[in-house]
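Visitor: How does the following fold in three dimensions:
(one chain, ligands or ions: 1)
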Amino acid sequence: MKPFAYRRADDVAAAVALLSQDRHAVFLGGGTNLVDHLRLGVATPDTLVDVSRLPLDRIEELPGGGLRVGATVRNSDLAADPLVRQRYPVLSQALLSGASGQLRNAATTAGNLLQRTRCVYFQDVTTACNKRDPGSGCSALGGYQRYHAILGASPECTATHPSDMAVAMAALDAVVQVVGPDGERAVPIGDFHRLPGDRPHHDTVLGHGDLVTAVDLPPLPETVRSRYRKVRDRASYAFALVSVAAALDVRDGVVADVRIALGGVAHKPWRASLAEQELRGAPATEDSFRRAAEAELAAAQPVDGNAFKVPLARNTLVATLRELTGGTPR
Ligand code: SF4
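Guide: Sure thing, here's the model as predicted:
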């Protein structure tokens, strides 16, 4: 492991200033992803700026019924929070489906949003990877792509985003609060993570020195039911092959509103806008759910190693919506 300096920031301004002074410094939160990357040689910073003890560890009510989740709130605390469980069950379920109990106790809200792909080549410094080493190539092309993208990929990168939490937040239209060298700004979560394009080394729109301070969750009408469903290779401690976060508002048998995001299918949490369009105003029936899933997945471009994800995503989405309307999940 390459030696590095360790600094601890006392407040947000000091954290941003410390990083801004050093192009090769990175923030350290819970460390559940970064420390692995230090050991593997995937990350080689000169300095770690520890932000894990900044006073950003609270969950606060916002006017109108939303919640502000501080950046250093631990995943286990967020999942267990009574207001989160009551108002956003999809988020609590997504958090509890991720990692292990020990990891959730350490992982932070901001760190979860910013975790990096688990593409096996990205984590193996002996292989070519455009995300780790821009311009070096992509070893996944023609290689192991079981966990890789079927939507929105590029010739430069087909990796997927590994977070469950971020998929739920995408369905909830969360807003990421950021403080950086140029001040504060709010970034809708749909604009926060990037598709790979020709710059897959940029996972998000954050610049150097930008610090996530909180995530705001807008209020949901009380008639909305929400659910997170994850399909994986084993029952726990595994990343999603496909996941679905859905919030559904059905009135008199008709879909009044719906928000859907898919995980495990793209470089970012994939907001299923085409499926939502198909569903709004439609009867809340199995036929509608199936048509919506087909509409969303029509643009899928799987490869041999992950073609199974197209029917898997379709069936997982239909099952999630069926469950939200009181039907028996199959
Ligand atoms: Fe790297 Fe992306 Fe290719 Fe994986 S898919 S090897 S992360 S460029």
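Visitor: what helix or strand is Leu78 on?
Guide: helix 75-80 (DSSP states H and E).
Visitor: repeat for Val35
Guide: Using DSSP H and E, Val35 sits within helix 34-40.
Visitor: How about the residue nearest to the spatial centre of the chain, nearest residue that isn't a chain neighbour?
Guide: Taking Cα atoms, centre = their mean, the centroid of the chain lies closest to Ala166, which sits 2.7 Å from it. Once flanking residues are discounted, Ala166 sits nearest to Pro269: 4.9 Å by Cβ to Cβ, 6 or more residues apart in numbering. All C-beta atoms are positioned from the backbone trio N, CA, C, and that covers glycine.
Visitor: Wait, that neighbour touches Pro162, no?
Guide: No. Pro269 is beyond contact range of Pro162, at 10.5 Å (criterion: Cβ atoms under 8 Å).
Visitor: Between those two, point out the one with more neighbours.
Guide: Between Pro269 and Pro162, Pro269 has the larger neighbour count (other Cβ atoms under 10 Å), namely 28 against 20.
Visitor: Which residue ranges of this structure form helices?
Guide: 12-20, 34-40, 75-80, 82-87, 89-96, 101-106, 109-114, 165-171, 189-192, 273-279, 286-297, 309-324 (DSSP state H).
Visitor: Pipe these into JSON lines and attach mean pLDDT and distance to Phe122 per row.
Guide: Shown next, in JSON lines, are these (pLDDT from 0 to 100; distance: least, Cβ to Cβ, whole Å):
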{"stretch": "helix 12-20", "mean pLDDT": "97", "distance to Phe122": "23"}
{"stretch": "helix 34-40", "mean pLDDT": "97", "distance to Phe122": "9"}
{"stretch": "helix 75-80", "mean pLDDT": "98", "distance to Phe122": "22"}
{"stretch": "helix 82-87", "mean pLDDT": "98", "distance to Phe122": "31"}
{"stretch": "helix 89-96", "mean pLDDT": "98", "distance to Phe122": "23"}
{"stretch": "helix 101-106", "mean pLDDT": "97", "distance to Phe122": "19"}
{"stretch": "helix 109-114", "mean pLDDT": "98", "distance to Phe122": "15"}
{"stretch": "helix 165-171", "mean pLDDT": "98", "distance to Phe122": "18"}
{"stretch": "helix 189-192", "mean pLDDT": "98", "distance to Phe122": "20"}
{"stretch": "helix 273-279", "mean pLDDT": "98", "distance to Phe122": "28"}
{"stretch": "helix 286-297", "mean pLDDT": "98", "distance to Phe122": "25"}
{"stretch": "helix 309-324", "mean pLDDT": "98", "distance to Phe122": "19"}
